[in-house]
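Engineer: From the sequence below, what's the structure:
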Amino acid sequence: MLVIVVETGALAGGRTRWAGRRHDDDRPDASSGASPAELFDAVFAALHDGEQVALGAGGPLTVPVPPEQAAADDAGALLELAELAGPAVTRPGTAELGFVLGELGVWRPWTRVSTSLSRWKANTSILVWEAVPAAGADQVAAGAAAESFFRQLPTAARREPDVAGRPVVNLAAAVAYRAGLLADASELSRPAISITVTAS
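Structural biologist: A predicted model of the protein is given here:
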C-alpha cells in the first residue's frame, strides 16, 4: 500500500510538494516530489505493481451545493453542480489530484477510485482522502501524512463538513467520474473521508 499526500501550500513556480511512503517503509518521505508529473509516476508505478494507493489532498474535497441548486439528486445533476465548484479544484493540493486522476483516465481507465474507506478496503485501487491540518496549523505537512494515515486508519470515518445541513458535492468523486475511471456516482453527494495530519 502506498500512502501519499499533496501539501496545501504551493512552492515557487507553481509547484506543489507531495510526499508519502509504503506500509513497509518507515521513512516519512520515502516517496516525494514537487510536480504533478512525478506524483502521477509514483501512483501509476504503485498501481502497476498491484498495490493499493491512498491519495490525500491537502485541500477541501467536500463543498456545499449552492443554495439555488440544492434540489439536485441524480448523478447528472450532481456532475453539473460539481462544475459550479470547479474553481475549488484548481487550488494547490486539489489541482494535482485532478491531474493524476485525469491521466489515469487516459492510461488506466479501469482503475477503481473511491472516497469510501469500506469500498477501498474491499476492492478499490485508489482511496482519495482529505488531509486536514492539525489544530493550530494552516496547512498539511506532507511528510507527516503517511504516519497519520496509518495511525488513524482503524478508526477513520467520514468527517461531516460544516455546511449548515446543506447538500454537498464530493470534488474527488466528481473528478474521478469525469475522468472516466470506475467511480461510484453515489459518492458524488457524500463527504470524502478525512484524516487529520499530525506530527506524531
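Engineer: contacts for the strand or helix carrying Ile195?
Structural biologist: Taking DSSP states H and E as the definition, one finds Ile195 inside strand 194-197. Applying Cβ atoms under 8 Å, 6 or more residues apart in numbering, the external contacts of strand 194-197 come out as 5, 56, 58, 61, 129-134, 140-141, 144-145, 148-149, 152-153, 156, 158-159. Where C-beta positions appear, they are placed from N, C-alpha and C, glycine not excepted.
Engineer: Filter these down to the buried ones.
Structural biologist: 5, 56, 58, 61, 129-132, 140-141, 144-145, 148-149, 153, 156, 158 (16 or more other Cβ atoms under 10 Å).
Engineer: Give me the subset of those lying in helices.
Structural biologist: Among the buried ones among the contacts of strand 194-197, the ones falling in helices (DSSP state H) are 144-145, 148-149.
Engineer: Would you mind checking which of the residues you listed is nearest to Thr16?
Structural biologist: Ala145 (13.4 Å; Cβ to Cβ).
Engineer: burial of Glu38, as a residue count?
Structural biologist: 15 (other Cβ atoms under 10 Å).
Engineer: how close does the residue nearest in space to the middle of the chain get to Gly136?
Structural biologist: Against the mean C-alpha coordinate of the chain, by Cα atoms, centre = their mean, the closest residue is Val128 at 3.4 Å. Between Val128 and Gly136 the distance is 26 Å, computed by Cβ to Cβ, to the nearest Å.
Engineer: what are the ranges of the helices in the chain?
Structural biologist: 36-48, 75-84, 86-89, 95-107, 117-123, 142-152, 171-178.
Engineer: so where's this structure uncertain?
Structural biologist: Within the chain, the ranges that satisfy pLDDT under 70 run 8-15, 24-30, 66-76, 78-79, 81-82, 84-88, 92-93, 155-165, 199-200.
Engineer: Look up how far Asp49 lies from the nearest residue to Ala145 once chain neighbours are set aside.
Structural biologist: Residue nearest to Ala145 in three dimensions, not counting chain neighbours: Val5, with 3.6 Å by Cβ to Cβ, 6 or more residues apart in numbering. For Val5, the distance to Asp49 equals 20 Å [Cβ to Cβ].
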